[in-house]
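Undergrad: Let's see this in three dimensions:
(one chain, ligands or ions: 2)
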Amino acid sequence: MKKFIALLAIVGASTAVHAQNQPAPTPQGPTAAAAAAGSGPAPAASPRAADKLVAMCIGCHNIPGYQSSFPEVHKVPMIAGQSAKYIVASLQQYKKGERKHPTMRGIAASLSDQEMNDIAAYYEQLGKAHAKEVPATAEKAADDVQQLLTRGNCIACHGANFNQPIDPSYPKIAGQHPDYLFVALKAYQQQNNLHVGRNNAIMAAQVKQFSPAELKKMASYIGNLPGQLSTPAQSRFR
Ligand code: HEC
Ligand code: HEC
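TA: Ligands and ions are numbered 1, 2, ... in the order given. The predicted structure follows:
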């Protein structure tokens, strides 16, 4: 079984980017037809419309433990359970080049606004189907880490449990993979590289006061908190 999953991961990696035109792996034709019949002219976000589109994403985002090697080896972020608003906001940033990760830029550039809305609705709903209860306030960190979090005032925006941001376009970070959180935090410190970095005024202001070792400590604490993000192995949620 392990071997099979590993193989899937390899296949997923090599086909993910051009899998766009292949049929979605969930053979649910009748559902799609029903959705089309019931959806008048209004192009509201539709998680069902995303079934085909997410074939492009699952090779990386729906394989538990799947790793990326750029710009260093780390786990691909969990996106199921993020709010749709944050998913759209981040996809738009990749598309505009404000986030420079080359693979995600290429993928986001291929998506229309409507497609982003549909995919985002899909992943928000997929996360809900797997969500666990999370305490309202996060367990206290070790003193040295607590000092860093206080200095950065992280909970003011990300919430007392790091899972309830003050705005739905801000990310949930509790329980996200620690190695990804570390890479993301470092990215906000990098503005002048063509392939690595994120231009975000809010987070750039937060991270500039910290050393890499300090960012790593915060990433490790936050990533080990209980959160509502998940990596459902299947693309099916109903
Ligand atoms: C080849 C692997 C791969 C594929 C395919 C892929 N992603 Fe990603 N995705 C990544 C990696 C790696 C990152 C982290 C990039 C970074 O460091 O900014 C990422 C980041 C993201 C983020 C930001 C997450 C966050 O917490 O900020 C979103 C949203 C996202 N991807 C959505 C998608 C969607 C939607 C698709 C399909 C249309 C997709 N991805 C396809 C590897 C992939
Ligand atoms: C003033 C509000 C604010 C504060 C304070 C703040 N953040 Fe953020 N954080 C944001 C926003 C907004 C984003 C999304 C930025 C983007 O779109 O790239 C973000 C993104 C992040 C991300 C990237 C998540 C992902 O999925 O890619 C991490 C990690 C993070 N913040 C950690 C922290 C930590 C640790 C602190 C404290 C040192 C902190 N933040 C303080 C608003 C804030």
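Undergrad: what about the closest residue to H177 other than its chain neighbours, distance to ligand 1?
TA: Nearest residue to H177 in three dimensions, chain neighbours excluded: K75, at 3.9 Å (CB to CB, 6 or more residues apart in numbering). The C-beta positions use only the backbone N, C-alpha and C, and glycine is treated the same way. As for K75, its distance to ligand 1 is 9 Å (criterion: CB to the nearest ligand atom, to the nearest Å).
Undergrad: Looks like K75 contacts D179 (just checking).
TA: Yes. Look at K75 against D179 with CB atoms under 8 Å: they come within range, at 5.7 Å.
Undergrad: and A50, how many neighbours does it have?
TA: 24 (other CB atoms under 10 Å).
Undergrad: Tell me who's in contact with it.
TA: Taking CB atoms under 8 Å, 6 or more residues apart in numbering, we find A50 in contact with E115, D118, I119, A121, Y122.
Undergrad: Identify those among those residues that sit within helices.
TA: Using DSSP state H, the members of the contacts of A50 that fall within helices are E115, D118, I119, A121, Y122.
Undergrad: Can you tell me which of those residues is nearest S46?
TA: Among the ones in helices among the contacts of A50, D118 lies closest to S46 (CB to CB), at 5.3 Å.
Undergrad: That closest one is in contact with K52, isn't it?
TA: No. Using CB under 8 Å, D118 is not in contact with K52; the gap is 9.6 Å.
Undergrad: Between the two, which is the more surrounded one?
TA: The neighbour count for D118 versus K52, taken as other CB under 10 Å, is higher for D118 (24 against 19).
Undergrad: burial measure for A160, as a count.
TA: Applying other CB under 10 Å, I find that A160 has 12 neighbouring residues.
Undergrad: Give me the pLDDT for it.
TA: pLDDT recorded at A160 is 97.
Undergrad: need the contact list for it.
TA: Contact analysis of A160 by CB under 8 Å, 6+ apart lists A136, T137, A138.
Undergrad: re earlier: quick check, pLDDT for the residue nearest to H177.
TA: Turning to K75, the model gives it a pLDDT of 97.
Undergrad: Same check on the one 10 residues further on?
TA: K85 carries a pLDDT value of 98.
Undergrad: Outside of the host helix or strand of it itself, which residues are in contact with it?
TA: Taking DSSP states H and E as the criterion, K85 maps to helix 84-96. In this structure, residues lying in contact with helix 84-96 by CB under 8 Å, 6+ apart are 45, 79, 99, 101, 104-105, 107-109, 111, 116-117, 119-121, 123-124, 165, 167-172, 198, 200.
Undergrad: Go back to those and keep what's next to ligand 1.
TA: Among these, the residues within reach of ligand 1 (CB under 6 Å from any ligand atom) are I79, R99, H101, M104, I107, I119, P171.
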